[in-house]
Each structure stands twice: as C-alpha cells, then as structure tokens.
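Visitor: Return a 3D structure for these sequence lines:
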Amino acid sequence: MKIKLLLFAAILSLAGTTALAHEHAAHGTTTPARAELASMAAFSPDGLLHVVSKEGAQLVLRRSSDEGRTWLPPLVVNSRPEPIAADGDSQPKLAFNRNGDLLVSWTKPLARPYTGEIRLARLDKGATTFTEPLTVHKDRAEITHRFQNLVTDASGRVTVLWIDKRAQEAAKTKKQTYRGAAVYSAVSTDGGRSFAPENKVADYSCECCRIALTLDHDGAPLALWRHVFAPNERDHALARLKPDGTPEQVLRATFDRWKVDACPHQGPSLAVDAKGTRHAVWFDQRDGDGRVFYGRLPGGPGNNNQVEGQIPVGGPRAAHADIASAGGVLAIVWKEFDGERTRLRGLRSTDSGRNFTPLELAATDGNTDQPRVIARGERLFAFWRQANEGFKVYPLP
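Guide: Purely as a prediction, here's the structure:
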C-alpha cells in the first residue's frame, strides 16, 4: 500500500499539483486549494535577511534587519508582469555576487505544459530597482527549461543550472529512446549581466526535481540532482563543475536503487562543511520504504566511492528536507505531517553528521512551503513560510 501511495504522490506531482497537495494525497486527506507559496530566503553579507516570493505575476523582495520580526518596504523584482513558477520544487532562487549585488532567478512558464524559460534579474548594491530580467539560455525552443538554481563564487562567476529537455526532443525526432531530461548550465563572468552559451552537464536527469547547488571545499560549483540510471533507477548524481559550467566528472551519489517510472517531485539538498565533507539529504525508496535520508557523499575527504553514515530522517511522513553547515554545526530541517498538523522538525550535529540531536521547531494547521536552512555568518536559522503565519525565522541552537 505504501508503494502505491508514493506512486500516487509522484503522479500528482507530474500533473502539476503543489507539494502540499500530493503530501495530503499520500496521507489520504482532502487536497486543499492550490497555493503558490514557494519562496527563497538568504542573508546578505551585511546580515540583512532577503526573502523573494510570488505575488500575482510578479516576484517581490522583502528585507528585514531583525530576523523577520519587521520588514522594510517591498521591492518588485520584475517590473513587467509575466508568468512565474513558484510551487513545490519550482522555486525562485537568490544569491549575492562578490560585489554585494543581489541576483534573483526564476522559471517563466510558457504556453505549452511543462515548458519554461530561466530568467534572472539583478539588484545592484545600493540600488532601489532591479534590472530588466534576462533569459539565461540561448535556446529559445518552447520546451522544458525549468527547476533552476544558481551559485556565485569568490571570483565573481555566476553559475546557473536547470532541467532541460532539448536532448529529449531531439531523440523523439529521431525516434530514439531517451530517459528523462538533462541538466544544463550557463556561466556569467560579469556579475550576471550576460551569460555565455549554455553547456550540457549530464543526460538522463529526472524531469521535475529541484537541483541542489553549492560550492565545494575549493570553491568549485558542486551540483546534486535526481538522476535516471539505467534501466530506470531514480537515485542521485553528483558533479563538480569547471569554470565554463561543464562537469569534471559525474558520479553516482546514492545507491537506493528506487525503480519508479514517475517523478517524486522531491529534490535533494547539499552542504559542504569546513573540512570539505559533503553532506546531503534526499528522498528515495529503499527496501520498499519511502523516506528522507541523510548521508555523507562520495568524493569528500576520506570517502571516495560510497555513501557513509546513511540514516533515515524523521518519520515515514517526513518530506522536503534541507541541509546546511556553518560554525561547526550541521543542521537538517524538514516538514512532517503528524495526522493533524504539519510540523517543522530538525536535526543538529556538531561532529560532522555522526551524531544528531533532534529539534522541534514549529507547527501549523495551514498550507506550508518547503523549509530552508540559511546561514548568517556562523549561525544557522530555519526559514519556513506558512500560509497562516507568514514568513517565519527560527534560530537554531
């Protein structure tokens, strides 16, 4: 029965329902009205909290100097309204370049179902209006360019990744078989003002799970995504990227061997600690049990070919986990429906993921977005948007 429920949740996600909708479907409860709650939060280098969320056909930036207790007047990201994806794993993203400029990326849905373009706008440090959005990729075909993420490095380079179906479309034309979609990247060396032609990172990614993206121990972009390994195992792949956005190598990162012909709409999260150890959380099915898992990934110091320390996270209803590391602390947060309320729960480790202390952070009766772990210097916070309570920030011990 559990397998059938997971498959049902996956099918619902492919049909474009919200993350909460398929969560409630899996729990056998009534699906609530659709709400596009997907938001993103980050602290700027000067400690100001920035939150980007959708309002109608525009993204809005809110800023707070007191960890979300009060807010400055909002700024509109895209002055001209356009379609914006802000639901489940399709989230706006934000990052700061080395000059302190704010970069916001999002997916603009197109007329055909499941198609889109990756858009980006910049707020220069000290400015009060965003630049006109640009489309990151040169390819303008009305196909899938969705589920974007971005990262900036110390050199000022901006790297954007997304799920792309141009290779799948080409295979259809040639009547060839093609598993899933692909991951593409585009790189900017002028702070996000322009992008070089995109490059393929890998064939055969899952079609609608978010991509995790961070910096490795030496500052190279490091990406983790749900991959479709032959013949149809939906585990995860890991790749370090070169300065031009092409991969040094694509490694298999998880080995749960989940055979499912659907997308679960639950992407992974990735963190690299000060020692260079790679930590991840992800959703998979293992031994017939669909769960969130934590593990230390291959390729890190002293760990070259297997997942270490893999453990389940939360209970059987845990979903949409996020992970981050700062100040010697590794933190995981996720949401979990307890039969009556949706709870925000967490784990905290001070020994690089070998032992964890549980955290009970919040609970709500209404719809919720996916939670995030965000860092300000060496402190970690949980950020969670709740339909009833709004944007909430919880300091982690």
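Visitor: Let's see the pLDDT reported for residue 35.
Guide: The confidence metric pLDDT takes the value 72 at residue 35.
Visitor: Please look at it and residue 387 and confirm they touch.
Guide: Yes - counting by C-beta atoms under 8 Å, residue 35 sits close enough to residue 387 to count as a contact (6.0 Å). To be clear about C-beta, it is placed using only N, CA and C from the backbone, and glycine gets the same treatment.
Visitor: quick one: buried residues of stretch 320-336?
Guide: 320-326, 329-336 (16 or more other C-beta atoms under 10 Å).
Visitor: Restricted to strands, list these.
Guide: 320-326, 329-336 (DSSP state E).
Visitor: Tell me which two in these are the farthest apart.
Guide: 326 and 336 (23.6 Å; C-beta to C-beta).
Visitor: Quick one: mean pLDDT for the helix or strand hosting residue 284?
Guide: Taking DSSP states H and E as the criterion, residue 284 maps to strand 278-286. Averaged over strand 278-286, pLDDT sits at 95.
Visitor: helices and strands around that strand, which ones?
Guide: strand 221-226, strand 236-241, strand 269-272, strand 289-296, strand 318-326, strand 329-337 (3 or more C-beta pairs under 8 Å, 6 or more residues apart in numbering; DSSP states H and E).
Visitor: what about those strands, which gets the closest to residue 59?
Guide: Closest among those, using C-beta to C-beta: strand 318-326, at 20.5 Å.
Visitor: Neighbouring strands - and their directions - for that closest one?
Guide: strand 329-337 (antiparallel) (DSSP bridges).
Visitor: Relative to the whole chain's centre, how far out is the strand it pairs with?
Guide: Computed by C-alpha atoms, centre = their mean, to the nearest Å, the chain-centroid distance of strand 329-337 equals 14 Å.
Visitor: relative orientation of whichever helix or strand comes after that strand and strand 318-326 in degrees?
Guide: Downstream of strand 329-337, the next assigned helix or strand under DSSP H and E is strand 342-349. Using axes from the mean of the first three to the mean of the last three C-alpha atoms, to 10 degrees, the direction of strand 342-349 lies 40 degrees away from that of strand 318-326.
Visitor: from here on, count from 41
Guide: With 41 as the first residue, the last one maps to strand 382-389.
Visitor: Put the alpha carbons of strand 382-389 into CSV.
Guide: Extracted C-alpha coordinates of strand 382-389, given in CSV (Å, rounded to 0.1, in the frame of the first residue of the first chain):
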residue,chain,number,x,y,z
THR,A,382,2.3,20.0,9.7
ARG,A,383,5.4,20.2,11.9
LEU,A,384,8.8,21.7,11.3
ARG,A,385,11.4,19.4,12.7
GLY,A,386,15.2,19.3,12.6
LEU,A,387,18.4,17.6,13.5
ARG,A,388,21.6,19.2,14.7
SER,A,389,25.1,17.7,14.7
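Visitor: could you give the mean pLDDT of the helix or strand following it?
Guide: Remark: after strand 382-389, the chain's next helix or strand is strand 397-404, criterion DSSP H and E. With pLDDT averaged residue by residue, strand 397-404 scores 98.
Visitor: Parallel or antiparallel, which strands does strand 397-404 pair with?
Guide: Partners of strand 397-404, by DSSP bridges, with direction: strand 382-389 (antiparallel).
Visitor: any idea how far residue 109 is from residue 355?
Guide: 31 Å (C-beta to C-beta, to the nearest Å).
Visitor: more crowded one of those two?
Guide: residue 355 (14 against 9; other C-beta atoms under 10 Å).
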